[in-house]
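Undergrad: Here is a sequence together with a model predicted from it:
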Amino acid sequence: MKPKQFLGKDMTEALRAVRESLGPDALILQSRSLSDDQGVEVIAMHEETAERRPIELTRKSVQAAGDLDEVRHEIAEVRSLLKWLLPSIAGKGLVENLLDQGLAPEVITRLAREMEKSQQKSDRERLFTAIARLIPFAGELSRSEAQQGRAALIGPSGAGKTTSLIKLTVRLAREGARVGWINLESRRMVGADLLASYCGILAVPYRAAYDLETLTRAVAELSDCDWILIDTPGLSPRDAEGLDEVSGALGAIPNLHRMLFLSAATNGRDMAAWVEIYKALGFDAMAFTKIDECGHFGPMINTAVSAGRPLSYVTLGQDLVNDIQLGRPDLLASLLLSGWDNDD
């Protein structure tokens with residue numbers, strides 16, 4: 001089938017014509033505003049006759065536009081397309097709110113499809129359910145009674161791994177666990193100074209490790225602890241040598257649980273890049289830090305949905321005692337909907 005032209009006074013009307021003629025799976029090839037306020041033109045065809053290309057607003061496309069009005073038009077077009085594709089939530093302000101939070105169009109589409117399966121009446125409850133279905137949840141760190149727990153905190157520089165380790169220690173100690181620390185900061189001693197200061201305050205046995213030999217010895221010396229928490233050096237995306245060193249050291253520790261810590265205030269592209277970088281090292285679960293510094297929660301949700309690893313913890317502030325919580329999907333949904341009062 002050849003592409004067909006559809007006209008409308010605005011994008012909503014043109015897309016409605018596309019939907020009525022070609023059905024909900026039509027492929028939008030092109031859209032533009034006509035001169036002299038004559039409305040909007042959309043070129044579309046059946047999806048099965050062409051390969052769908054995802055909608056993507058990249059830095060390159062923004063630069064190519066060269067005009068803020070064109071960029072705004074492109075963003076408005078994405079919003080209109082999503083409303084057209086997701087009629088069940090289009091008229092309730094939910095699409096706009098999710099886009100404003102930085103949620104990716106493909107994630108919004110997945111959430112909307114899950115919401116349609118829900119039996120709850122309010123959009124808020126249905127969104128909670130949808131997020132719970134899409135974001136895997138690891139729950140609390142756990143170990144068998146017969147086996148020592150061992151966990152390594154990995155992640156980029158500035159992600160808050162060291163303070164998160166201290167917060168996690170307090171949480172485990174409240175449950176009666178005896179925790180020991182190992183610092184694998186072989187290149188910089190900033191993290192070591194912080195742990196050295198707090199190990200006396202919290203009565204936590206502490207060892208510093210600089211290579212595979214000292215790390216193996218430190219693990220043996222902390223054999224009477226219920227949990228060994230290992231702090232690792234923060235790396236830059238270009239530090240392949242450092243990543244190999246950490247990977248080799250951690251690979252020598254059996255039964256090691258690895259948690260990737262990322263700052264929730266990181267932009268979405270960098271967050272996705274870090275996930276791919278650390279997949280080479282291997283990790284079992286994720287945690288998001290510095291949520292108190294984050295104004296938009298969409299990039300965090302995008303990462304949690306697409307990373308392919310369950311979420312364990314989030315940190316919400318500077319309080320070392322109370323500001324680490326389980327990363328429950330309903331908590332992320334609450335953050336995503338913060339400031340939005342529309343509830344059917």
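TA: Done, it's in.

Undergrad: the bottom helix or strand of the protein by mean pLDDT?
TA: Between all helices and strands in the chain, the lowest mean by mean pLDDT, DSSP states H and E belongs to helix 59-65, at a mean of 47.

Undergrad: which residue ranges form the helices in this protein?
TA: 11-22, 59-65, 68-85, 87-90, 94-100, 105-117, 123-134, 161-174, 190-201, 212-221, 240-251, 268-279, 298-306, 329-336 (DSSP state H).

Undergrad: can you tell me which of these comes nearest to Ser144?
TA: The closest of the helices of the chain to Ser144 is helix 161-174. By C-beta to C-beta, the value is 15.2 Å. Where C-beta positions appear, they are placed from N, C-alpha and C, glycine not excepted.

Undergrad: want to try JSON lines for the helices of the chain, with mean neighbour count and distance to Glu145 as columns?
TA: JSON lines is the format used below for the helices of the chain (neighbours: other C-beta atoms under 10 Å; distance: least, C-beta to C-beta, whole Å):
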{"stretch": "helix 11-22", "mean neighbour count": "17", "distance to Glu145": "59"}
{"stretch": "helix 59-65", "mean neighbour count": "11", "distance to Glu145": "52"}
{"stretch": "helix 68-85", "mean neighbour count": "16", "distance to Glu145": "50"}
{"stretch": "helix 87-90", "mean neighbour count": "16", "distance to Glu145": "47"}
{"stretch": "helix 94-100", "mean neighbour count": "19", "distance to Glu145": "43"}
{"stretch": "helix 105-117", "mean neighbour count": "18", "distance to Glu145": "37"}
{"stretch": "helix 123-134", "mean neighbour count": "20", "distance to Glu145": "30"}
{"stretch": "helix 161-174", "mean neighbour count": "21", "distance to Glu145": "15"}
{"stretch": "helix 190-201", "mean neighbour count": "15", "distance to Glu145": "26"}
{"stretch": "helix 212-221", "mean neighbour count": "16", "distance to Glu145": "19"}
{"stretch": "helix 240-251", "mean neighbour count": "16", "distance to Glu145": "24"}
{"stretch": "helix 268-279", "mean neighbour count": "17", "distance to Glu145": "30"}
{"stretch": "helix 298-306", "mean neighbour count": "23", "distance to Glu145": "31"}
{"stretch": "helix 329-336", "mean neighbour count": "19", "distance to Glu145": "29"}
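
Undergrad: and Asp323, which of these is closest to it?
TA: Nearest to Asp323, of all the helices of the chain, is helix 161-174, at 6.4 Å by C-beta to C-beta.

Undergrad: who's in contact with the closest one?
TA: Residues from elsewhere that reach helix 161-174, judged by C-beta atoms under 8 Å, 6 or more residues apart in numbering: 141, 153-155, 179, 181, 191, 194-195, 198, 202, 204, 226-227, 229, 231-232, 234, 261, 287, 289, 313, 315, 320-321, 323-324.

Undergrad: Show the buried residues in those.
TA: Neighbour counting by 16 or more other C-beta atoms under 10 Å classes 141, 153-155, 179, 181, 191, 194-195, 198, 202, 204, 226-227, 229, 231-232, 234, 261, 287, 289, 313, 315, 320, 323-324 among those as buried.

Undergrad: what's the burial count for the nearest residue to Glu125 once chain neighbours are set aside?
TA: Computed as C-beta to C-beta, 6 or more residues apart in numbering, the closest residue to Glu125 that is not its neighbour in sequence is Ser118, at 7.4 Å. If you count neighbours by other C-beta atoms under 10 Å, Ser118 ends up with 16.

Undergrad: State the distance from Ser118 to Leu7.
TA: 37 Å (C-beta to C-beta, to the nearest Å).

Undergrad: now Leu172
TA: Separation of Leu172 from Leu7 (C-beta to C-beta) stands at 64 Å.

Undergrad: Check Leu134 too.
TA: Counting by C-beta to C-beta, the gap from Leu134 to Leu7 is 37 Å.

Undergrad: Leu184 too?
TA: Per C-beta to C-beta, Leu184 is found 64 Å from Leu7.

Undergrad: Which of these two has more residues huddled nearby?
TA: Leu184 (26 against 13).

Undergrad: is it true that that one touches Leu229?
TA: No. With contact defined as C-beta atoms under 8 Å, Leu184 does not count as touching Leu229 (11.0 Å).

Undergrad: Now the common contact residues for the two.
TA: Residues touching both Leu184 and Leu229 (C-beta under 8 Å, 6+ apart): Ala152.
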